[in-house]
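A.B. asks: have a look; sequence and predicted model below, questions after that.
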Amino acid sequence: MPVIPPGMVFDPNGVEILSLYLPMLIDNGGNVVACLGEFSDLIKVSNVYSCKPEFFFSNDEPDALGRGDHRFVFSHREKIAQKNSNGKRPRRDVHGSEGGGFWRSSTGDKSVMDDHGRVLGFLNMLNFYEYHGNNNNYKKKNREEEFKKTNWIMYEYRLNRDKFQEWVICKIKNTGRKRDAPNATMDNDDGGLVQEIEDLVSSLDED
């Protein structure tokens, strides 16, 4: 297993994800070995909606790969219905033997632009909500007391295309975990776009 020198963390920003990693993975059919070689474990290939987010952090070995407190996942999205061809309504409910939940958008799509002002794609921040009790049926979970918001958040990156984008790269993290460095700062994604989104969500929660 390759080792990244101490202090270095794999944390590409939105421009790097949308201009390099996501197109490269789509073109290679999700073959991370062909794309990343010996560093293929830096991006998992999995369905983020097939399991709860903690799955991607379970049974981890010491973080020799510099993944920090987050995980990147190349994932497939499904439309709720064929009529939603514009990609605004992907299926985001999670069903599993260990219990389910769902990802809810906190901000809607935010444009990610390159240095020339061209829109490469979109970033959407989502929060994970867990179901209460034994009822794991998303359609029947329509009352606030039947689910609770967790500390898990996800940044979903998709390309700027006219048709529904089936493939995305998701960055998953637990905001309840403490960072190792006491003076660590917020993620420096997309020229402060992620910080702006998190500040907005925090202000909405306070209201």
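C.D. replies: Okay, I see it.
A.B. asks: buried stuff in stretch 22-35?
C.D. replies: 22, 25-26, 30, 32, 35 (16 or more other CB atoms under 10 Å). From N, CA and C alone the C-beta is placed, and that goes for glycine too.
A.B. asks: same thing with stretch 146-154?
C.D. replies: The neighbour-count check on stretch 146-154 (16+ other CB under 10 Å) flags 147, 150, 152-154 as buried.
A.B. asks: turn those residues into JSON lines, including pLDDT and distance to residue 39.
C.D. replies: What follows is the buried residues of stretch 146-154, written out as JSON lines (pLDDT from 0 to 100; distance: CB to CB, whole Å):
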{"residue": "147", "pLDDT": "83", "distance to residue 39": "37"}
{"residue": "150", "pLDDT": "93", "distance to residue 39": "30"}
{"residue": "152", "pLDDT": "94", "distance to residue 39": "25"}
{"residue": "153", "pLDDT": "95", "distance to residue 39": "24"}
{"residue": "154", "pLDDT": "95", "distance to residue 39": "22"}
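A.B. asks: out of those residues, which sit inside helices?
C.D. replies: Residues of those located in helices (DSSP state H): none.
A.B. asks: out of the residues you listed, which one sits closest to residue 55?
C.D. replies: residue 152 (10.9 Å; CB to CB).
A.B. asks: if I look at that closest one, how far off is residue 53?
C.D. replies: Using CB to CB, to the nearest Å, we find residue 152 at a distance of 4 Å from residue 53.
A.B. asks: follow-up on the earlier one: what's the closest of the buried residues of stretch 22-35 to residue 41?
C.D. replies: Proximity of the buried residues of stretch 22-35 to residue 41 (CB to CB) peaks at residue 32, which lies at 8.0 Å.
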